[in-house]
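> Just a sequence and a predicted model for now, questions to come.
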Amino acid sequence: MKNPYALTLAKLSLSLVSAAGVTHSYAQSLTIDATSPRQTIIPSNGQDLSATTYNYVRVPAVLAIDTVGPTGDFFRSLRLSWAIYIDSATLPPGIEPKLKTGYANDGVSWTVSANVARFGSAIKLKNGKILALEFKPTYVDQHNFPLVYYTSVNNGASYTKHTDGMVSFTQTVLGIRMHKDMIEEPDGTLYTCAYIRYSFSSNFRTYVLKSTDGGKTWGPMLDGSGNPIEIAGTTYPTDEGTFTRCPDGSWLMIMKHSTNDPDVTLPLLYSRSTDKGQTWSTPTTLPGAGSAASGKNPCLILMPNGVLALTYGTPDVEVTFSTDNGNTWTTPVATFPDPGTPKRPSGNTWVAPIGPNTLLQFGDNYAKTINPNTQAIWQKEIEIVRPEQNRIDLKTKYKTGAITISPLTTLNATFPSHITARAAAAFDGSTNYWASAIGTNSGVYQLDLQQIYHIKTVGVALLFGKQESATVELSPDGTTWIPVKTYTNATHYCLNYTSFSPINARYVRVTVNGSGQIGLSELELYQTASTFENNAAEANGDTNWPHGILPTGYTWAGTSSTRYGAYIAKDNHGYQSDRALCIYDGSSTWMAGVKKTEGASTNKTLEFRCRPAAIPVGGSFSWRILGTAGGTQTTVFFFAVFAESSGGTTTYKIKANNGSGWTQVGTATMPVSGSVWKLIKVVANLSTNTASLYVDGVLAGTTGMYTNPSTTTNLTGFCFASNGTATSGELIYFDDVDFYDTATGPNQMTTTQHNIAPAAIDKPQNNTFAVTVSPNPSNNIVNVHIENGAKGATTILISDMAGRIVKRLNYNADTETSSISFNIQGYLPGVYVVTVKQNNRTVQTKLSVN
């Protein structure tokens, strides 16, 4: 049975499957995974718990700090504060809230700290100092309220408590709470959210306070008449506000719709300011979420990937997300559904980012007064993945030496007081100011990827909050550069994404111009092959039954029971990367497997990296190329690795099944050590009814079709699976999976290096149906001229010498003689094959790129 408190995988661009099995459709293009269970982190070993009536562990608040470990690894250091008290405005004499703090790296292991600070209204300032404000200022008179605040100059290792703070008002104030969040402007001005009751109001209302001296003294923002700027106007009583900058630079405030009845929750309200808090839009419910988003104590953050994440509570603890500056929101989903009194949480929650796509949600079990006492602070990991797929894991590849930062890079300044600023900070997962590659006035950032990638999307975050101009370029050789994105006087607070037709590139260059300190906060690259880096990963270990999380575009192979054996494994399971697709067969009854369907073609190439970790004797795993036969998708080419034992020695042979049984492909074998990756490539051709297998670039052999050739019309996808149900325990990892069209010549031969017949450049291969390419050689614009052709549908394919199609053009020819021009910038120097298809005729020639 499913855990009713665990949120199932939600693909918000397609559907969300709830615990009840109901499907909801959303407009937001996100994939949300909150299947990770809630973990109790405070208390441990029962500390701070007793039978005292007022001893409730509650109200978590978290500050995430960028830092670098002794070995140079970047991580988020989390600072957590919580309180031990009841939620009452009139505590009995002698009963005061106790404040506790703890810390952890990326939320992995928590330690209670002797240093105490409250992180509700907290920030790490640009000068490197941590500032945290106490929740409830004390009372002097109705105009001045002494404020306790905390500072740290050593990244939270210790804190200094200050009692000289002050919040001052001209108007009479009856009560104030410094609630949550801080924003720092480039000039050092600070803003925080508070709820205040003025003498002219019968309720608390939401306001923004301002400090110009680093957080020591605070006062209300005033309008032109000297009156405090009230966000919610006079219509809505509000308190417990949370605010942040949006990707477009506006401020978004989300507030609890206040009521005097603690058992009644009203819809959350939001308001926006585009002039740094001087004016605010009329409050309204969250668009898209509406009245469904109701509760208390909201917490709003901007993720590095540009997604706004919102959590709140009572009666359920829920989350909702926005990709468009908060203009629309996903339907809220409960991560801790209300179990009813006395088990319900208090509703006080928090979220903190620990990566570009990952956050930790925090809450409490405050109302759990049953025996045994289970009051605690818990955390839950949630992944929020944007629609961009196949991210290259630059961080891990740099660590393993698979990519290098070019010596031409000048955005590489270091600062003793800001250890996170360095060239490698451009792919550390943080868009904060000092987690950046920094220079002065102008600078260059250049990467050598050490191999050609087919790049289709770039994500860029310029130096946080700084107006800059920049150009992003790609190059196959470090000499010819292709601009893919230009920014002019842009100000970034998160990643900005640009997609384009795939470009062959080994080098990436970002040139930044500005005034004074400039930089590149974050750079992301996406390719055509499946890398699984931007897919939700399984939280459990290799051999635990996973939740059934599939990468985007993949579906279950076979019966629904196979879902339990395929998932994304994280924590350095990929090829020079963090994540990989894992197939684990834990059943002697079911098989584990996934498949993916892509564009139909008669000639396809399947290319992937594979790392078998375990295959028991008698076991096997397979990869198949699928096609259409008799109108049904079926296996067309069938390969598998078999574990066979003879004389005490186990061998792992790669075999193919041509419909008559299994035969080893040449002498091909597969190491099963858990650490060795092999590059597998299958070039399938329906014209010859054969498929050629390459292992690490070497041809192993060729096999025939598994299905009846006469009924197979197209190749439409591929499948990875355990092979057979008699054995269990197969554990296989797959990465960098690509499935692409392969061009063939007029004699139906695959255009790979070993079987291309010599042909003179720029000379037609057929005197009646002819094609000419000019200029040839070229590295810019080329023209393809067709003579003695036919009217109607025309296809032009440009393929490299490995048979990979790098460009496809489809158009309708009006005459028998036609021409078309296109740009070949970005092609790696070398020889390419130009294939022209009209009706049932095909002609080829060669193109030389210099």
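Cool, got the structure.
> Would you confirm that Gly697 contacts Leu679?
Yes: counting by CB atoms under 8 Å, Leu679 is a contact partner of Gly697 at 6.6 Å. Every C-beta, even on glycine, is put in place using the N, C-alpha and C of the backbone.
> out of those two, which sits in the busier spot?
Higher neighbour count among Gly697 and Leu679: Leu679, with 15 against 8, using other CB atoms under 10 Å.
> Can you tell me the element the more buried one falls in?
Per DSSP states H and E: Leu679 is located in strand 678-685.
> So which elements touch that strand?
Taking 3 or more CB pairs under 8 Å, 6 or more residues apart in numbering; DSSP states H and E as contact, the helices and strands that strand 678-685 lies on are strand 603-614, strand 620-629, strand 632-646, strand 690-695.
> Now tabulate the ones you listed in JSON lines and tack on mean neighbour count, distance to His257 and mean pLDDT.
Supplementary listing: the helices and strands packed on strand 678-685 in JSON lines, determined by neighbours: other CB atoms under 10 Å; distance: least, CB to CB, whole Å; pLDDT from 0 to 100:
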{"stretch": "strand 603-614", "mean neighbour count": "22", "distance to His257": "52", "mean pLDDT": "96"}
{"stretch": "strand 620-629", "mean neighbour count": "24", "distance to His257": "53", "mean pLDDT": "94"}
{"stretch": "strand 632-646", "mean neighbour count": "19", "distance to His257": "52", "mean pLDDT": "94"}
{"stretch": "strand 690-695", "mean neighbour count": "21", "distance to His257": "63", "mean pLDDT": "96"}
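> Please convert those strands to TSV, extending it with distance to Gln171.
Compiled in TSV, the helices and strands packed on strand 678-685 are given as follows (distance: least, CB to CB, whole Å):
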stretch	distance to Gln171
strand 603-614	67
strand 620-629	72
strand 632-646	72
strand 690-695	78
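> right, and these - which one's nearest Ala61?
Comparison of the helices and strands packed on strand 678-685 against Ala61 by CB to CB identifies strand 603-614 as nearest, at 41.3 Å.
> Show me the longest strand that occurs in the protein.
Longest among the strand segments of the chain by residue count, using DSSP state E, is strand 496-527.
> tell me what that one is packed against?
helix 394-400, strand 437-462, strand 467-475, strand 482-491.
> swap the cut-off to 6 Å and go again
strand 437-462, strand 467-475 (3 or more CB pairs under 6 Å, 6 or more residues apart in numbering; DSSP states H and E).
> Can you give me the domain assignment for the chain?
In terms of domains, the chain is parsed into 36-104+240-386, 117-230, 394-527, 554-741, 770-849 (source: automatic domain parsing).
> could these go into TSV alongside distance to Ser29?
Formatted as TSV, the domains of the chain follow (distance: least, CB to CB, whole Å):
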stretch	distance to Ser29
domain 36-104+240-386	7
domain 117-230	27
domain 394-527	11
domain 554-741	17
domain 770-849	25
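> out of the ones you listed, which comes closest to Trp110?
domain 36-104+240-386 (4.4 Å).
> quick one: average pLDDT of the closest one?
Averaged across domain 36-104+240-386, the pLDDT comes to 81.
> Tell me the span between the first and last residue of it.
19 Å (CA to CA, to the nearest Å).
> Look up how far Ser211 lies from the nearest residue to Glu644 once chain neighbours are set aside.
Of all residues not flanking Glu644 in the chain, Thr651 sits nearest, at 5.5 Å (CB to CB, 6 or more residues apart in numbering). In this view, Thr651 and Ser211 are 71 Å apart by CB to CB, to the nearest Å.
> Of these two, which one has the most company?
Ser211 (22 against 13).
> if I read this right, that one contacts Trp218, doesn't it?
Yes: counting by CB atoms under 6 Å, Ser211 touches Trp218, with 4.8 Å between them.
> returning to that earlier point: identify whichever of the helices and strands packed on strand 678-685 lies nearest to Thr284.
When the helices and strands packed on strand 678-685 are compared (using CB to CB), the closest one is strand 632-646, at 48.0 Å.
> Pull up the pairing partners for the next helix or strand after the closest one, direction included.
Using DSSP H and E, the helix or strand that follows strand 632-646 in sequence is strand 649-657. Applying DSSP bridges to the sheet, strand 649-657 is found paired with strand 632-646 (antiparallel), strand 662-669 (antiparallel).
> Tell me what angle the shortest one forms with strand 690-695.
If you take axes from the mean of the first three to the mean of the last three CA atoms, to 10 degrees, strand 662-669 sits at 30 degrees to strand 690-695.
> buried ones in strand 662-669?
Buried positions in strand 662-669, judged by neighbour count with 16 or more other CB atoms under 10 Å: Trp662, Val665, Gly666, Ala668, Thr669.
> Start from the N-terminal end of the stretch 101-250 of the chain and give the helices.
For the stretch 101-250 of the chain, helices defined by DSSP state H, counting those that start in this stretch do not occur.
> so where's it uncertain?
103, 233-235 (pLDDT under 70).
> Only the buried residues of the strand holding Leu679, if you could.
Lys678, Ile680, Lys681, Val682, Val683, Ala684, Asn685.
> So what are the sheet partners of that strand and their directions?
Taking DSSP bridges as the criterion, strand 678-685 forms sheet pairs with strand 603-614 (antiparallel), strand 690-695 (antiparallel).
> residues making contact with that strand?
Outside strand 678-685, the residues within contact range by CB atoms under 6 Å, 6 or more residues apart in numbering are 603-610, 625, 637, 691-694, 696, 715, 742, 750.
> one step back: the helices and strands packed on strand 496-527: which one's closest to Trp350?
strand 437-462 (23.8 Å).
> could you say what helices and strands that closest one packs with?
Counting by 3+ CB pairs under 6 Å, 6+ apart, strand 437-462 packs on strand 467-475, strand 496-527.
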